[in-house]
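Chemist: 3D, please:
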Amino acid sequence: MSKNATVFGPFTLDPDKGTLLRQGEPVALGRRGILLLHALLARPGEILTKTELMDAGWHGNVVEESNLSVQVALLRKALGPSPDGGEWIATVPRIGYRFLRPSLEQEAKVAVQQAKPSLAVLPLTSLSTDTEQEYFADGLAEEIITMLSKLSGLVVIARSSSFAYKGKSVDIRTIASDLGVRFVLAGSVRRSGNRLRIVAQLSDGETGVHQWAESYDRELADMIAVQEEVARQIVGELHIALSPREVTQWPRMASTGTKDIAAYDCFLRGRAMQRGATQNGDVFKRTSELFRQAIKQDPGYPAPYAALAMAMAHAYYNRWTDDPDCALTEAGKLVEEAIERDPNDAFPHGVAALISMYRKDFERWESEVEISLALNPNFAPSLSLRGTLNMYSGKPLTAIEDLERAMRLDPLFSHLYLHHLGVAHLIAGKYQTAAALLRERILLVPETDMSRAYLAATLGLLGDRQGAWQVWQELKAIKPDYSFTKGIGQAPFRDPAGLERVRCGLLAAGLDLEPATDADGL
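Modeler: Predicted coordinates for the structure are as follows:
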């Protein structure tokens with residue numbers, strides 16, 4: 001056995017000889033598989049991006065991503081199940097793969113997660129002649145997602161990922177594979193005056209076969225009852241076990257909170273715009289008007305208070321108002337109104353955690369994010385907020401677990417989670433992984449300055465001064481007045497050691513952290 005050989009479980013990989021043995025017997029595995037396995041074993045527990053693995057397996061040659069998928073599938077087949085009955089190699093959706101060497105405690109967590117059924121709810125197709133009614137169909141699908149995601153025995157993909165297929169003709173099996181789920185709910189809705197016709201179909205993502213289908217012809221006022229019927233039917237079909245609390249509270253744990261159709265209509269219109277691809281000051285102004293109109297129509301309706309609070313928090317962060325601090329103050333007041341009206345909704349607690357992050361109120365941040373996740377264990381934004389809280393508090397390894405789960409629940413909206421995941425690895429001292437993740441994030445969001453700042457620090461800590469300098473020049477081209485003090489220095493680091501590590505990385509690269517001003521030249 002050569003000095004580079006690695007033993008794991010019953011296997012011995014010897015990259016020098018190009019062999020993989022199981023209890024001394026050779027395992028049929030091609031050269032690419034040996035190279036990929038060697039790369040994964042070199043950094044157990046860490047994420048290797050697709051780019052890194054393709055470089056390892058094909059030595060920098062340009063190949064289709066599908067080649068990597070095929071090789072990983074063959075590698076998994078050759079290895080068989082791991083000791084916990086799962087797989088040796090975990091997929092990080094859209095990013096890459098990770099070799100698992102779970103502890104007994106981690107094995108138990110993996111086994112529990114794998115036992116849960118997983119589901120994606122696609123946007124309902126609007127069959128109304130009025131094309132502007134799409135927001136209504138989207139709203140119904142979102143309410144079903146919200147209801148089902150509250151169940152601890154079910155993994156539900158976030159709306160931002162499942163809605164990526166809106167208007168696209170994609171095979172159910174492809175969608176299930178992309179999102180990493182076993183079941184897919186699809187359907188349509190037709191709204192005509194005060195009448196609704198809703199069709200829902202639950203399909204097996206492995207075979208594409210319908211498990212269940214139903215149609216509902218109801219009055220518009222009965223739409224909440226229809227949403228609950230659909231949710232209950234799915235729970236029955238998937239044999240989901242409810243906890244005692246869920247038995248008593250579900251599915252009315254997530255009703256719209258209003259019987260005023262006009263208020264609900266304004267809220268749905270505003271939410272559709274708030275979650276659209278285009279976000280700017282004009283969109284903020286219009287969505288805010290719709291949420292305020294919904295509140296005026298029904299002052300007891302909780303949802304628009306929380307949505308308006310989030311809009312004001314985003315206005316603070318993005319400087320969409322002349323007085324950002326005033327916007328954040330109003331956001332805080334609005335979210336309190338939402339929580340007072342419906343304390344059992346996870347969303348306003350998540351918004352309260354976001355506002356607390358901007359205020360650097362770490363105690364409230366922690367309290368609200370825990371409440372949010374207790375109410376909805378599938379709420380990816382709150383998982384991300386808890387992850388970033390731990391990251392900034394000097395617990396990056398704990399943060400990584402939450403951030404990766406957020407990416408699992410929202411795989412097509414992973415670019416922001418990817419940034420935080422890269423920073424968490426940087427703070428944890430896992431510089432190679434941090435650099436790879438931050439580079440992937442830059443590919444997804446080419447105009448990012450913050451990911452480049454952290455990447456430059458990471459490269460500095462790796463001793464790559466030239467690479468750090470190049471990334472820093474890209475950053476300065478995007479934001480010429482960028483400074484460490486007004487950039488990374490404003491991040492809510494609870495643990496100063498994390499911030500100091502980043503600063504040291506930039507200094508190690510010999511970078512000028514503060515731009516010169518006119519006064520400096522006097």
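Chemist: now the residue lying closest to Gln211 once chain neighbours are set aside, what's its secondary structure?
Modeler: Leaving aside its sequence neighbours, Gln211 sits nearest to Leu202 (CB to CB, 6 or more residues apart in numbering; 4.6 Å). In short, each C-beta sits where N, CA and C put it, glycine included. At Leu202 the chain is in strand, as set by DSSP: H, G, I helix; E, B strand; the rest coil.
Chemist: In which helix or strand does Asp178 reside?
Modeler: For Asp178, the host element (DSSP states H and E) is helix 172-179.
Chemist: One more: Thr388?
Modeler: With secondary structure defined by DSSP H and E, Thr388 is part of helix 380-392.
Chemist: now do Tyr482
Modeler: Applying DSSP H and E as the criterion places Tyr482 outside every helix and strand.
Chemist: Hmm, it is touching Leu475, no?
Modeler: Yes: counting by CB atoms under 8 Å, Tyr482 sits close enough to Leu475 to count as a contact (5.8 Å).
Chemist: Now do the same contact list for the residue nearest to Val209 when sequence neighbours are not counted.
Modeler: Setting aside the residues directly before and after it, Val209 is nearest to Ser203 in space (CB to CB, 6+ apart), at 6.6 Å. For Ser203, the contact set (CB atoms under 8 Å, 6 or more residues apart in numbering) comprises Ile172, Phe183, Val184, Leu185, Ala186, Val209, His210, Gln211.
Chemist: hey, what's the residue nearest to Gln211 bridged with?
Modeler: When bridges are taken as DSSP bridges, the partners of Leu202 come out as Leu185, Trp212.
Chemist: on that earlier part again, would you turn the contacts of Ser203 into a markdown table with distance to Phe493, pLDDT and neighbour count?
Modeler: As requested, the contacts of Ser203 are arranged in a markdown table below (distance: CB to CB, whole Å; pLDDT from 0 to 100; neighbours: other CB atoms under 10 Å):
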| residue | distance to Phe493 | pLDDT | neighbour count |
| --- | --- | --- | --- |
| Ile172 | 44 | 91 | 21 |
| Phe183 | 41 | 91 | 22 |
| Val184 | 41 | 93 | 25 |
| Leu185 | 41 | 91 | 25 |
| Ala186 | 44 | 93 | 22 |
| Val209 | 51 | 89 | 10 |
| His210 | 51 | 87 | 12 |
| Gln211 | 48 | 87 | 15 |
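Chemist: farthest-separated two in those?
Modeler: Considering CB to CB, no two members of the contacts of Ser203 lie farther apart than Leu185 and Val209, which are separated by 14.0 Å.
Chemist: quick revisit: which residues are in contact with each of Tyr482 and Leu475?
Modeler: Common neighbours of Tyr482 and Leu475, using CB under 8 Å, 6+ apart, are Asp449, Ala453.
Chemist: Would you agree Ala90 falls within a helix?
Modeler: No: secondary structure assignment places Ala90 outside any helix; it is strand (three-state DSSP).
Chemist: Tell me if I'm right that Thr287 and Thr278 touch.
Modeler: No: under the contact definition of CB under 8 Å, Thr287 does not touch Thr278, with a separation of 11.2 Å.
Chemist: if you count what's nearby, which of these two comes out ahead?
Modeler: Thr287 (24 against 7; other CB atoms under 10 Å).
Chemist: Tell me the secondary structure at the more buried one.
Modeler: Secondary structure of Thr287, per three-state DSSP, is helix.
Chemist: who's in contact with it?
Modeler: By CB under 8 Å, 6+ apart, the residues touching Thr287 are Gly270, Arg271, Met273, Gln274, Ala307, Ala311.
Chemist: Most neighbours among those residues, please name it.
Modeler: When the contacts of Thr287 are compared by neighbour count (other CB under 10 Å), Ala311 ends up highest, at 28 neighbours.
Chemist: ok, back up a step: out of the contacts of Thr287, who's nearest Leu13?
Modeler: Gln274 (49.7 Å).
Chemist: my read: the closest one touches Leu308, true?
Modeler: No: shown here, Gln274 and Leu308 do not form a contact pair, counting by CB under 8 Å, at 9.5 Å.
Chemist: and the next element down the chain from the helix holding Thr388?
Modeler: Heading C-terminal from helix 380-392 (DSSP H and E), you reach helix 396-409.
Chemist: Need the residues that contact that following helix.
Modeler: Residues external to helix 396-409 that are found in contact with it (CB under 8 Å, 6+ apart): 47, 92-95, 155-158, 161, 180, 378, 380-381, 383-384, 386-391, 414, 417-418, 420-421, 424-425, 427-428, 498.
Chemist: what do you get if the cut-off is 6 Å, keeping everything else the same?
Modeler: Residues outside helix 396-409 that contact it (CB atoms under 6 Å, 6 or more residues apart in numbering): 158, 378, 380, 383-384, 386-387, 390-391, 414, 417, 420-421, 424, 427-428.
Chemist: Next secondary structure after that helix?
Modeler: Reading on from helix 396-409 to the C-terminus, the next helix or strand found by DSSP H and E is helix 415-427.
Chemist: For that next one, which helices and strands make contact with it?
Modeler: Helices and strands touching helix 415-427, by 3 or more CB pairs under 6 Å, 6 or more residues apart in numbering; DSSP states H and E, are helix 380-392, helix 396-409, helix 431-444, helix 450-461.
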